[in-house]
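> build me a structure from this.
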Amino acid sequence: MFTPLARSDQRAKGETYLRGLLLDGRRKSMQPMAERLGVDHQGLQQFLTTSTWDTGAVRVRLAQRAVEAIGPVAWAVDDSGFPKDGTSSPGVARQYSGTLGKVANCQIGVSVHAVTDTASCPLDWRLFLPESWDTAKAGPAAVKAAKAKRRKTLKNAPRAGASTGTGVEVDVEAITEAARARRDRCGIPEEEGHRPKWTLAVEMLDELAEHGLRPPVLVADAGYGDNGQFRAALDERDIVYSVQLKGEAVAHTSEAVPAARQWSGTGRCGRPPADAPVYPDEPVSLARHVAAAGREAALTVTWREGSKGALSSQFVFLRVRPAGHRVPRDTEDGILPERWLIAEWPDDEPEPVTYWLSSLPATTPAADLVRYAKIRWRIEHDYRELKTGLGLDHFEGRSWQGWHRHVTLVTAAHLFLTLLRGDPKAAAPA
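Model prediction:
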């Protein structure tokens, strides 16, 4: 994995850092690791923050090895929070973390993982930068936040007796300069700015594709699946997906067809409408589609063996045409693409508990549809092992490059353990 490191001392430091991650110990930050290893922690710090080696080249080799060894049935996209106490780490801000289940002071890392029912490993990482870390967006974001706070104050003023003030005062220039100073201290490259998490995921998929790596199926939770632009980006790349989303998302039935627009001659400015046909009926929520099908449409499906026996539940399977203003359609006939709607509706629940959309073929068996929908659980297994066993979120450095190198080396340690578990000749403890 360290072949891209040109110097032998760099490769030695890389191996030392890996040993530190793999050894027992609660903290996997540099100083505790150096004490356990009996080495100078400044050497490890220099290797991570100022040494010249290509993180991307190492990650490519890790991804290629992981895909070859695991033989993934799917790739999973997700993000994880890294709690922080201070404000100097790159990308840190008060933001929502699904890992923590609340808004907290943290960093957010987006990752892509190769997964099967029995093994998985990260393939690539990106550090999410909030708008407050983007010099072009920090000022406008602060103005927007101040206006939102003022609206909330005005709403609560009669009850709280608060002074509402007369306007919003934000020093945009000072906020922009503060963002620039933070970026300079962390060494964030000029081209790196705020981008939505789903965009970071697509960038990783494109980068891996450049090296011949493509997902057989992509899975993601509702944080990504609810975004029509994300699903459209996967369609543009011919990437088959099975993504979770909320029941409020809208769709037409599979039998719905668009019709030519009617013009009464009294439209805006007296112009006829565009030529593109439209669906005559309004789309309805996924929850309503499933409710219309009824519980009697549910099938009992077993998708894998768990630690306590076979995992099974009841599911409704429908063919629908997802709608929404950001959902692309065939430009010639205006037809929306047909997709699988999968809803888990257990016998002991009054309504469905989870919804998925899938672009798997219409002939896909129900068991396979559920297996792909449910396989995202492996990424949670990875995050747990990466954090509790290998110190993924223990990095205390404040540099952009250091964070990316740390997560790369943690990924190497995780792949080593994954390969070891899959090796029948590996020595096992007595």
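> let's see the helix or strand hosting residue 36 as PDB, backbone CA atoms only.
Per DSSP states H and E: residue 36 is located in helix 30-37. Extracted C-alpha coordinates of helix 30-37, given in PDB (Å, rounded to 0.1, in the frame of the first residue of the first chain):
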ATOM      1  CA  MET A  30      -0.400  10.700  18.000                       C
ATOM      2  CA  GLN A  31       1.100  11.200  21.500                       C
ATOM      3  CA  PRO A  32      -0.600   8.200  23.200                       C
ATOM      4  CA  MET A  33       0.400   6.000  20.200                       C
ATOM      5  CA  ALA A  34       4.000   7.300  20.200                       C
ATOM      6  CA  GLU A  35       4.200   6.400  24.000                       C
ATOM      7  CA  ARG A  36       3.000   2.900  23.400                       C
ATOM      8  CA  LEU A  37       5.300   2.500  20.400                       C
END
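> just checking, what packs against it?
Contact here means 3 or more C-beta pairs under 8 Å, 6 or more residues apart in numbering; DSSP states H and E; on that basis helix 30-37 packs against helix 8-22, helix 41-49. Bear in mind the C-beta positions are built from the backbone N, C-alpha and C, glycine included.
> which strands or helices does the longest one pack on?
Contacts of helix 8-22 with other secondary structure elements, assessed using 3+ C-beta pairs under 8 Å, 6+ apart, are made with helix 30-37, helix 41-49, helix 400-421.
> need those in TSV with mean pLDDT and mean neighbour count, can you?
Listed next are these as TSV, based on pLDDT from 0 to 100; neighbours: other C-beta atoms under 10 Å:
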stretch	mean pLDDT	mean neighbour count
helix 30-37	90	18
helix 41-49	88	18
helix 400-421	94	21
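> residue 214: which of those helices is closest?
helix 400-421 (19.3 Å; C-beta to C-beta).
> now for that closest one, which elements pack on it?
By 3+ C-beta pairs under 8 Å, 6+ apart, helix 400-421 packs against helix 8-22, helix 41-49, helix 55-70, strand 120-127, helix 377-388.
> which of the ones you listed sits most buried?
strand 120-127 (a mean of 25; mean count of other C-beta atoms under 10 Å).
> which element follows it toward the C-terminus?
Immediately after strand 120-127, counting by DSSP H and E, sits helix 138-160.
> what comes up buried for the helix or strand following that following helix?
Sequence-wise, the next helix or strand downstream of helix 138-160 (DSSP H and E) is helix 172-186. Neighbour counts using 16 or more other C-beta atoms under 10 Å place 175-176, 178-179, 182-183, 186 of helix 172-186 among the buried residues.
> what's the answer for stretch 253-260, then?
254, 256, 258.
> need the per-residue pLDDT for residue 161.
With respect to pLDDT, residue 161 has a value of 51.
> check residue 131 too.
In this model, residue 131 carries a pLDDT of 95.
> number of nearby residues for it?
Neighbour count of residue 131, defined by other C-beta atoms under 10 Å: 18.
> check contacts around residue 241.
217-220, 231, 234, 357-359 (C-beta atoms under 8 Å, 6 or more residues apart in numbering).
> is the closest residue to it other than its chain neighbours bridged to anything, and to what?
Among residues not flanking residue 241 along the chain, residue 218 sits closest, at 4.5 Å (C-beta to C-beta, 6 or more residues apart in numbering). Beta-bridge pairing of residue 218 under DSSP bridges involves residue 75, residue 241.
> quick one: contacts for residue 218?
74-77, 205, 234, 239-243.
> looking at those, which is nearest residue 295?
Closest to residue 295, out of all of the contacts of residue 218 and judged by C-beta to C-beta, is residue 242, at 22.7 Å.
> hey, C-alpha coordinates of the helix or strand bottoming out on mean pLDDT in the chain in CSV?
Least confident helix or strand, the chain: helix 138-160 with a mean of 76, by mean pLDDT, DSSP states H and E. In CSV, the C-alpha atoms belonging to helix 138-160 read as follows (Å, rounded to 0.1, in the frame of the first residue of the first chain):
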residue,chain,number,x,y,z
ALA,A,138,-19.4,32.6,4.8
GLY,A,139,-20.7,36.2,4.7
PRO,A,140,-24.1,35.5,2.9
ALA,A,141,-24.6,32.5,5.2
ALA,A,142,-24.1,34.6,8.3
VAL,A,143,-26.6,37.2,7.0
LYS,A,144,-29.1,34.4,6.3
ALA,A,145,-28.6,33.0,9.8
ALA,A,146,-29.0,36.4,11.4
LYS,A,147,-32.2,37.0,9.5
ALA,A,148,-33.6,33.6,10.6
LYS,A,149,-32.7,34.3,14.2
ARG,A,150,-34.4,37.7,14.0
ARG,A,151,-37.6,36.1,12.6
LYS,A,152,-37.6,33.6,15.4
THR,A,153,-37.1,36.4,17.9
LEU,A,154,-40.0,38.4,16.4
LYS,A,155,-42.2,35.4,16.5
ASN,A,156,-41.5,34.8,20.2
ALA,A,157,-41.3,38.5,21.2
PRO,A,158,-44.9,38.9,22.5
ARG,A,159,-44.5,35.9,24.7
ALA,A,160,-40.9,36.5,25.8
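> quick one: list the elements packing against that helix.
Helix 138-160 packs on helix 172-186, going by 3+ C-beta pairs under 8 Å, 6+ apart.
> so how far is whatever helix or strand comes next after the helix it packs on from its chain's centroid?
Once the chain leaves helix 172-186, the next helix or strand it forms, by DSSP H and E, is helix 197-209. Distance of helix 197-209 from its chain centroid, counting by C-alpha atoms, centre = their mean, to the nearest Å, is 10 Å.
> now do helix 197-209, average pLDDT.
Helix 197-209 comes out at a mean pLDDT of 97.
> list the buried ones in that helix?
Per 16+ other C-beta under 10 Å, helix 197-209 contains these buried residues: 197-202, 204-205, 207-208.
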